[in-house]
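Peer 1: here are the coordinates; sequence isn't available:
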């Protein structure tokens with residue numbers, strides 16, 4: 001089993017045609033299976049957490065759950081509202097909406113306090129999350145009413161319309177990200193390989209891996225529902241690791257080709273690459289998969305969806321590197337052998353000398369490695385201080401669950417939403433107090449809820465309005481009271497109003513009744529309970545993540561010391577990137593530079609997800625760099641020589657891979673959604689810091705200072721300095 005990756009590469013190299021055909025058949029099969037079964041999307045119930053989730057479960061039990069609601073505004077084009085024309089438009093829109101099968105009910109028109117806006121509320125059929133899929137006919141009818149009544153402006157907003165707008169914008173953003181990242185990736189690969197064909201191989205495998213993973217994720221959604229973010233992550237991570245894994249493999253094959261000097265066949269060269277780079281890819285992929293799997297411990301549908309997408313695309317990318325990549329390299333190698341004599345003849349005819357092999361490291365990498373090589377203590381101290389300084393702002397991290405108030409105003413429905421809440425501030429936020437009791441308590445519960453409503457309306461944090469309306473289920477067991485708050489959900493006032501409700505108003509009223517279960521839901525409660533849920537799970541996830549990182553490193557290199565070093569370096573990398581995230585996005589100084597509106601906090605899902613993914617990606621570079629050092633050590637070099645040799649041979653390819661990752665992740669900074677901006681920025685910063693400071697300065701300094709102690713409890717290597725670097729993987733076929 002330890003040589004399985006070599007046997008797979010050997011078979012692929014010797015049966016190249018079948019391996020290539022088999023891989024693309026696998027990709028088509030995955031896509032076909034996914035399209036056939038479709039995607040099972042997460043339901044509202046899958047998002048329930050904390051007290052808010054419990055309250056929503058009770059409301060659903062009584063048939064009083066939140067329903068998808070659209071708001072249609074009718075206002076004047078200029079000046080005062082023509083009431084007669086507005087009422088005609090309201091009658092028209094009411095009739096059209098009632099005729100739609102997607103509509104459950106239409107409320108009577110309501111005028112704003114200033115008389116400038118007429119509002120028609122439309123309740124849609126189906127669950128809350130389905131509204132965005134069914135809202136298109138409503139938007140079409142609203143637009144038609146606007147054209148039929150040119151004297152007024154008729155526009156629509158609501159959670160379904162906003163969700164659809166966000167999805168449309170996300171699709172446009174992802175297309176923009178691809179247009180940014182793909183050209184830079186191609187240019188980077190062309191610089192690394194100097195060949196269009198060789199540069200195209202990583203992209204081909206990355207894109208095919210993404211396609212296969214998308215199909216598999218559709219199938220997997222029937223076990224773990226998709227929260228709507230899995231596909232985005234497959235594209236983000238798939239392009240990054242797919243190119244990286246192929247890049248490492250290709251560079252190793254080219255090294256072996258240059259070392260062999262034409263004496264080995266393409267099949268033998270691929271086998272040599274598989275024995276070294278192939279093993280590193282397997283270990284690296286397993287590290288990312290194991291790290292990402294800790295997200296399941298968060299017991300959250302969004303994190304589970306993110307984990308599933310990442311695990312699938314990384315597993316497929318590893319599989320492509322071990323199966324179809326060796327076959328492609330053999331095909332390319334045979335073609336190069338056929339063309340080599342012609343190229344040599346053309347160069348000789350032109351009087352050009354034979355190209356000398358390029359050095360493993362250029363001037364830039366030599367300069368970056370020099371501090372660790374010549375002054376390891378000083379380099380280590382300064383580098384760690386820099387990373388700790390960058391991590392310091394993370395101590396002031398504030399978390400927030402971004403709601404619809406934080407979405408981009410480039411979405412038309414959001415601009416209408418602002419006009420809606422400006423004219424009807426009571427629609428900004430609603431707290432929903434839900435009770436469950438025996439039907440014999442219905443009268444007492446209703447009276448207590450009404451008392452609660454009057455008490456809340458006397459609180460300046462709540463909106464004034466008509467007397468509180470209590471809805472009760474048909475069996476009298478479930479009751480719901482809605483309380484309006486004239487402040488946006490992320491605001492301090494809205495959050496404080498929730499605290500007043502839960503800690504003061506409810507205990508003084510309905511909370512005093514025996515045998516009555518009470519809970520508060522609504523946008524604010526959902527967000528606060530979600531942040532609390534994540535905070536509770538954070539120690540568990542981080543604890544398992546540290547343990548898995550340690551165990552994976554010990555398993556890969558048989559060294560406890562390297563396991564400890566890996567954990568510490570990953571913490572430094574993750575901490576520094578989170579510090580930069582807080583520094584840039586929690587304040588306002590970078591708003592114009594990166595085109596975002598600061599939330600004054602970080603989206604609650606970002607830190608936990610990023611720490612997990614960053615640990616996995618950091619393990620990528622740890623595995624590839626230390627593998628080269630370990631290989632040199634096993635070939636008889638001293639610890640110092642092995643460290644320098646391993647770094648010389650891995651610095652350029654690791655940095656090239658980092659450029660690809662930084663480009664892919666950095667492209668997400670151009671997106672509109674602040675949460676995605678934060679993720680892309682933090683991932684790009686972490687990869688850059690990890691590749692430059694951690695792998696080229698901190699890690700070599702530590703290893704040079706520790707010497708043989710870094711490999712404890714292994715015995716010091718005792719090899720023949722002149723021994724070939726080729727591992728014993730079986731018979732190799734020589735050319736000629």
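Peer 2: Great, that's in hand. Since this is a predicted model, take the numbers as computed values, not measurements. Numbers count the residues shown, from 1 in each chain.

Peer 1: domain map for this protein?
Peer 2: 1-37+195-339, 65-164, 363-396+558-716, 412-528 (automatic domain parsing).

Peer 1: mean neighbour count, distance to residue 45 and mean pLDDT added to these, as CSV?
Peer 2: Just so you know, the C-beta spots here come from the backbone N, C-alpha and C atoms, and that holds for glycine as well. What follows is these, written out as CSV (neighbours: other CB atoms under 10 Å; distance: least, CB to CB, whole Å; pLDDT from 0 to 100):
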stretch, mean neighbour count, distance to residue 45, mean pLDDT
domain 1-37+195-339, 21, 9, 88
domain 65-164, 18, 9, 93
domain 363-396+558-716, 21, 19, 88
domain 412-528, 19, 13, 92
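
Peer 1: which one of those lies nearest to residue 186?
Peer 2: Nearest of the domains of the chain to residue 186, taken as CB to CB: domain 1-37+195-339 at 6.2 Å.

Peer 1: just how off-centre is the closest one within its chain?
Peer 2: 20 Å (CA atoms, centre = their mean, to the nearest Å).

Peer 1: now swap in stretch 627-637 and tell me
Peer 2: Counting by CA atoms, centre = their mean, stretch 627-637 comes out at 36 Å from the chain centroid.

Peer 1: ok, now stretch 422-431?
Peer 2: Taking CA atoms, centre = their mean, the mean C-alpha location of stretch 422-431 is offset from the chain mean by 32 Å.

Peer 1: and stretch 156-175, by the same measure?
Peer 2: Centroid displacement of stretch 156-175 relative to its chain, using CA atoms, centre = their mean, is 18 Å.

Peer 1: ok, residue 617 touching residue 687?
Peer 2: Yes. Using CB atoms under 8 Å, residue 617 makes contact with residue 687 at a distance of 6.3 Å.

Peer 1: tell me which residues touch residue 428, please.
Peer 2: Neighbour list for residue 428: 421, 484-489, 494 [criterion: CB atoms under 8 Å, 6 or more residues apart in numbering].

Peer 1: at 10 Å what do you get?
Peer 2: Neighbouring residues of residue 428 by CB atoms under 10 Å, 6 or more residues apart in numbering: 405, 417, 420-422, 463, 484-489, 491, 494, 523.

Peer 1: quick one on the thing from earlier: shared neighbours, residue 617 and residue 687?
Peer 2: Counting by CB under 10 Å, 6+ apart, the residues touching both residue 617 and residue 687 are 240, 244, 573, 658, 661, 665.

Peer 1: quick one, what contacts the second one?
Peer 2: Right, the one you point to is residue 244. So residue 244 contacts 202, 206, 281, 284, 317, 321, 617, 620-621, 624, 653-654, 656-658, 660-661, 664, 687 (CB under 10 Å, 6+ apart).

Peer 1: before we move on, the earlier item: as a markdown table, the shared contacts of residue 617 and residue 687 with secondary structure would be great.
Peer 2: Formatted as a markdown table, these follow (DSSP: H, G, I helix; E, B strand; the rest coil):
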| residue | secondary structure |
| --- | --- |
| 240 | helix |
| 244 | helix |
| 573 | helix |
| 658 | helix |
| 661 | helix |
| 665 | helix |
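
Peer 1: in a markdown table: those, plus distance to residue 537.
Peer 2: Converted to a markdown table, the shared contacts of residue 617 and residue 687 look like this (distance: CB to CB, whole Å):
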| residue | distance to residue 537 |
| --- | --- |
| 240 | 26 |
| 244 | 29 |
| 573 | 22 |
| 658 | 30 |
| 661 | 27 |
| 665 | 25 |
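
Peer 1: excluding its backbone neighbours, what's nearest residue 277?
Peer 2: In this structure, residue 277 finds its nearest non-sequential neighbour in residue 252, 3.7 Å apart by CB to CB, 6 or more residues apart in numbering.

Peer 1: distance-wise, check that neighbour relative to residue 653.
Peer 2: To residue 653, residue 252 is 8 Å away according to CB to CB, to the nearest Å.

Peer 1: which neighbours do the two have in common?
Peer 2: 277, 624, 628.

Peer 1: residue 154 in helix, strand or coil?
Peer 2: Under three-state DSSP, residue 154 comes out as strand.

Peer 1: that one and residue 106: what is the separation?
Peer 2: Remark: distance between residue 154 and residue 106 (CB to CB) = 14 Å.

Peer 1: check residue 294 too.
Peer 2: Taking CB to CB, one finds residue 294 at 48 Å from residue 106.

Peer 1: any idea how far the helix or strand containing residue 168 is from the chain center?
Peer 2: Under the criterion of DSSP states H and E, residue 168 resides in helix 159-193. Here helix 159-193 is found 13 Å from its chain centre; the criterion is CA atoms, centre = their mean.

Peer 1: hang on, residue 701 in a helix?
Peer 2: Yes. Assessed by three-state DSSP, residue 701 belongs to a helix.

Peer 1: shouldn't it be in contact with residue 375?
Peer 2: Yes. The criterion here is CB atoms under 10 Å, and residue 701 meets it with residue 375 at 8.5 Å.

Peer 1: any common contacting residues for these two?
Peer 2: 381-382.

Peer 1: so who does the nearest residue to residue 165 once chain neighbours are set aside touch?
Peer 2: Nearest non-adjacent residue to residue 165, counting by CB to CB, 6+ apart: residue 411, 3.7 Å away. Counting by CB under 10 Å, 6+ apart, residue 411 touches 157, 161-169, 404, 417, 672.

Peer 1: do you know how far residue 411 is from residue 580?
Peer 2: Separation of residue 411 from residue 580 (CB to CB) stands at 28 Å.

Peer 1: do the same with residue 319
Peer 2: Distance of residue 319 to residue 580, computed by CB to CB: 34 Å.

Peer 1: go on, residue 35?
Peer 2: Applying CB to CB to residue 35 and residue 580 gives a distance of 40 Å.

Peer 1: please apply the same query to residue 115.
Peer 2: To residue 580, residue 115 is 50 Å away according to CB to CB.
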